[in-house]
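> turn this into a structure:
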Amino acid sequence: MRIPLSWLKEYVDTSMTPGELAHRLTMAGLETEVSADHDWDGVRVGVVTRVDAHPNADRLRLATVETGEGERTVVCGAPNVAPGQKVAYAGIGAHLIDAHNGEPLVLKPAKIRGVESAGMVCSERELGLSDEHEGILVLPGDAPVGAPLSSYLDTVALETTPTPNRPDWFSVIGTALEVAAIEGKRVSWPDDSYEASGEEASALAGVSIEDPDLCARYIATVVRGITVGPSPKWFQERLGAAGMRPINNVVDVTNYVMLELGQPLHAFDYDRLHGHQIVARRARPGEAIVTLDGVRRDLEPNTLVIADADRPLVIAGIFGGEDAEVGAGTVNVLIEAASFDQVSVRRSAARYGLKTEAAIRFERGLSAAMPLSGARRATQLLVEVCGGTAAHGVIDVYPGEKPATSLRVERSRLSAILGVEISPQQTTQILESLGFEVSGDANEVSLAPPHWRVDVSIAEDIAEELARIIGYDELPTRPLSGSLPEYRPNESRDFRERLRLGLAAAGLQEVITYSLTTLEELQRVLPAGELEAHPPLRVLNPLSSQHELARTTLRASLLRTLSHNLRQVDGPVSIFEIAKTYLPRPDDLPEEREVAVGVVAGRTLDRWGREAEPIDFYSAKGMLEHTFAGLHVEAVWSQGRDHALVPGRTAEILGAKSSERVGVLGQVTPEVATSFDINGDVFLFELDVESVRRAAPLLTFARPVVRYPAVKRDLALLVDQGVESGAIQAIIEQNKLVVSAAPFDLYQ
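Alright, predicted model coming up:
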């Protein structure tokens, strides 16, 4: 977000330089850089002392300008130049914008119609401030002559990169609170008081919410008798400095409040609202809307819209429509300030390809308490810059209002988290500067987070606030006290590491994927009816629609990762992951089962003298055999069945001594592979880590070096087609002299 320094200073009296501000904010967690759009090197404030006619041109004049370094005469064609004006004087070598083509320009000496011009007096377009070029820029009378224009106009801004968990940082006031806390000061909040007259707002319009899950709160105010036109110059300059293009005074007010407080707003032409009704609801089948960019968009049924009595008007929290747009003929407006579900906004923004400033804020989770202050501030500014009268009160529909959050934290707990003690006075000062209500005693602190801090809920959050405002680099370093804890072996953990190393040694690469997934992905790899019989655990507040369910299998995650990698590389892809799956149990916590899943696909590398070959079943089996050998696990391979694997190319893996099932290996069915956009053969294995551990011996014994060389024997056996190769292999290996046996050819 771009925050003009002059705007920030209206709310907090900072004594830090822009560079110091950027450093301290970055160290506090808000990445910040200093930005200056206009260098204006060589441009300073001057005063016009006299204006004479040009001897050779009727439309040109000679302006004498005092620059603080003597008088300069410039040739000027602006009709509004006059003695006594404070102007922006650009000397020879100054950096400007060419008013004709918009390209950068370095001012050079020039003769204009026979008269030498020692520089120029600049218009707004030549300074890059706006497109205005009808006359020169006239500065206020208190502008100091000789001062650099950049320092007088103060165009320095802070470019911040807010983190996803801090929607309050998408506002000037949110950043001002950070600066105030760092410097130990308080924020001066903008005034939102205004004089109301006439009817109550509730008598002028009706508001209803049909889906409180998607629209937690809706506030509307009405201002009548306004005049739509350009905003005041100071208003336009402030929006422009923040990177927002001025449109008209009504729209500019809504954008101004969004930048100032972080609450997105929308303005409706009140007289174009059918029935003077506002309804927050889901779109109905067949509905469409023409958005403000002139594009007709067919609405999907799950899209939250703001409608009047007959038709949708706005894609809620994202983009407005043309049907109730504020225009030059608008006289009465209704202002919307609402709280929309962040997941709904995120999905709709992605669905319709609309990434607006409002959507960016809503999809980070704004507090339902914010709309009231946004509505009052917008009403106050509308009355100020648009004229008109505001109706009494606001229309506030807030179903399921939640009480304000509070928490109590022991001071010893904060010290334990931080490793240092923070005095009660410093704790109170920092938290109150951030907007918290603080009370308590020497042992405990009671806190009420401000409504805009939706990210604060536990003691660790409070400790973080203290640490980052003090400065992580300012916290004292202390050596660890006390004795180191005794190492306690953990068989499961140690075996997991051995299995991980064994799979890596066999040629597989480890990946780590998200433990949350979607219903659609699980349906691709699980049998029909499995999810209905055993619904996976659903996250209450997912950060993304792609991470809503706790996965009951790793197969979908590995196949998705394989699909992505096959699009990037030409060679073989062999990956695995060891992680927990979460199997739901009625009236109990889920069963956490640790599994190792791997997928293998592609072609072998094309080596010198040997062409690339497709990875096959035996390639994947060989990797597992190599892993089992390192773990001293004896396995029996027998024909198996699995929903996602091809019959006849699926092997069940059993422990040789216990006959316990430890896993499965097979070729993924073409239907499953195609659902992940994978072409070609894919082989998948799944191991139950605990079962593999039980199949491994507790102790392994060293074998003496064999005194005689090994001898290989090829045996050709005639057997019935139904006899499994594993059964033949087991019989041969019963002989104590046989080290290993394996099938290498089949004739039938």
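
> SS state for Ala280?
strand (DSSP: H, G, I helix; E, B strand; the rest coil).

> do the one 4 residues further on as well
For Arg284, the reduced secondary structure class is coil; criterion used: three-state DSSP.

> now it, what are its backbone angles?
Backbone torsions for Arg284, taken as degrees, to the nearest 10, come to phi -100, psi 160.

> and the one 10 residues further on, by the same measure?
Per-residue torsions, Gly294: phi 80, psi 10 (degrees, to the nearest 10).

> who's in contact with it?
Glu322 (C-beta atoms under 8 Å, 6 or more residues apart in numbering). Where you see a C-beta, it was placed from the backbone N, CA and C, and this is true even at glycine.

> where do the strands sit along the stretch 251-400 of the chain?
Counting by DSSP state E, counting those that start in this stretch, the stretch 251-400 of the chain has strands at residues 265-269, 277-282, 288-290, 296-298, 304-307, 312-315, 319-320, 333-340, 389-392, 395-397.

> which of those sits closest to Glu491?
strand 333-340 (50.5 Å; C-beta to C-beta).

> shouldn't Arg496 be in contact with Val692?
No - contact between Arg496 and Val692 fails when scored by C-beta atoms under 8 Å: they sit 9.8 Å apart.

> more neighbours: which of the two?
Per other C-beta atoms under 10 Å, whichever of Arg496 and Val692 has more neighbours is Val692, with 26 against 18.

> ok, the more buried one to His23 distance?
52 Å (C-beta to C-beta, to the nearest Å).

> ok, now Phe362?
31 Å.

> tell me which of the two has more neighbours.
Between Phe362 and His23, counting by other C-beta under 10 Å, Phe362 is the more crowded of the two (26 against 14).

> ok, now which ones touch that one?
Contacts of Phe362 by C-beta under 8 Å, 6+ apart are 264, 317-318, 340, 342, 345.

> out of the residues you listed, which comes closest to Ser725?
Distance to Ser725 across those (C-beta to C-beta) is lowest for Gln342, with 56.3 Å.

> that closest one contacts Ala359, correct?
No - counting by C-beta under 8 Å, Gln342 stays clear of Ala359, with 9.8 Å between them.

> neighbour count winner among these two?
Legend: neighbour count by other C-beta under 10 Å for Gln342 and Ala359, higher for Ala359 (24 against 21).

> I'd say that one and Ala349 touch.
Yes - assessed by C-beta under 8 Å, Ala359 is found in contact with Ala349 at 4.3 Å.

> need the overlap of contacts for the two.
By C-beta under 8 Å, 6+ apart, the residues touching both Ala359 and Ala349 are Ile318.

> how about the helices in the stretch 301-450 of the chain?
342-352, 357-362, 370-386, 411-418, 424-433 (DSSP state H, counting those that start in this stretch).

> which parts of the first one are buried?
Buried positions in helix 342-352, judged by neighbour count with 16 or more other C-beta atoms under 10 Å: 342-349, 352.

> mind saving the C-alpha coords of the worst-scoring helix or strand of the chain on mean pLDDT as CSV?
Least confident helix or strand of the chain, by mean pLDDT, DSSP states H and E, is helix 149-153 with a mean of 77. The C-alpha trace of helix 149-153 is given here as CSV (Å, rounded to 0.1, in the frame of the first residue of the first chain):
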residue,chain,number,x,y,z
LEU,A,149,9.6,22.1,-4.7
SER,A,150,9.9,18.5,-3.6
SER,A,151,10.4,19.5,0.1
TYR,A,152,7.6,22.0,-0.1
LEU,A,153,5.0,19.7,-1.6
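
> any idea what the closest residue to Thr26 other than its chain neighbours is bridged to?
Nearest residue to Thr26, sequence neighbours excluded (C-beta to C-beta, 6 or more residues apart in numbering): Thr32, at 5.2 Å. Bridge pairing for Thr32 (DSSP bridges) gives the partners Thr160.

> shaky segments in the chain?
36-39, 154, 480-482, 605-612 (pLDDT under 70).

> how long is stretch 219-229 from one end to the other?
End-to-end distance of stretch 219-229 (C-alpha to C-alpha, to the nearest Å): 25 Å.

> what does stretch 535-555 give?
Using C-alpha to C-alpha, the distance between the terminal residues of stretch 535-555 is 17 Å.

> so what touches that stretch?
164, 343, 346-347, 513-519, 522, 525-526, 534, 557, 577, 579, 581-584, 590, 595, 597, 644, 684, 686.

> out of the residues you listed, which sit inside helices?
343, 346-347, 519, 522, 525, 557 (DSSP state H).

> sweet, I'm off.
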